[in-house]
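Colleague: Make a model of this:
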Amino acid sequence: MLPVTAFYAAPLALAFVVLSTRVIRARRLYQQPLGTAHRLVERAARAHGNFAEAAPLALLLLALCEANGLPSWALHVLGVTLLAGRGFHALGIGREPEVFRWRVLGTGLTLTMIGTAGAAAMGLALAALF
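Modeller: As a prediction, the model looks like this:
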């Protein structure tokens, strides 16, 4: 059982559905069934795509950290950082005009979480091996 990971996976799943719905809505509105020729379709698609690229790896790392005994306070720091990062990125890239500082902040928070969780998972794995 990984309750902390589940706690953060649930709102991320809802965010994924919202971002998916925004892509569908933009495709219908701008009659763009395939591709991203319209700039607002591209923004919605990239917000969704970037989320789909980053969130699964981040959640996997969070789950590995939790399964290997990282303290719950540290798991929550990672989870909140991930939620904030994905939220800021989606808000920044999904708007027109783009709010570039939110996009950069979101990317930075997400990469910080992934890097920190990756290092923690490696440390926990090494401690278990030796």
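
Colleague: Mind listing what's buried along stretch 56-69?
Modeller: With burial defined by 16 or more other CB atoms under 10 Å, the residues of stretch 56-69 counted as buried are 58, 59, 61, 62, 63, 64, 65, 66. (Glycine included, C-beta is placed from N, CA and C.)

Colleague: Where does pLDDT dip in this protein?
Modeller: Counting by pLDDT under 70, the chain shows no low-confidence range.

Colleague: still on that earlier bit, quick check: helices, which of the buried residues of stretch 56-69 are part of them?
Modeller: 58, 59, 61, 62, 63, 64, 65, 66 (DSSP state H).

Colleague: rewinding a little: format the buried residues of stretch 56-69 as TSV; extra columns: distance to residue 3.
Modeller: Listed next are the buried residues of stretch 56-69 as TSV, based on distance: CB to CB, whole Å:
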residue	distance to residue 3
58	17
59	13
61	17
62	12
63	11
64	15
65	13
66	8
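
Colleague: just to revisit the earlier point, so which of the ones in helices among the buried residues of stretch 56-69 is the closest to residue 111?
Modeller: Residue 111 lies nearest to residue 58 out of these, by CB to CB, at 9.6 Å.

Colleague: Could you verify my assumption that that closest one touches residue 113?
Modeller: Yes: with contact defined as CB atoms under 8 Å, residue 58 reaches residue 113; the gap is 5.8 Å.

Colleague: which residues are common contacts for these two?
Modeller: Residues touching both residue 58 and residue 113 by CB atoms under 8 Å, 6 or more residues apart in numbering: residue 82.

Colleague: How about the residue nearest the centre of the chain: what's its closest non-neighbour residue?
Modeller: Centroid-nearest residue in the chain, with CA atoms, centre = their mean: residue 55, separated by 3.5 Å. In space, residue 55 comes closest to residue 12 once its chain neighbours are excluded; the distance is 5.3 Å by CB to CB, 6 or more residues apart in numbering.
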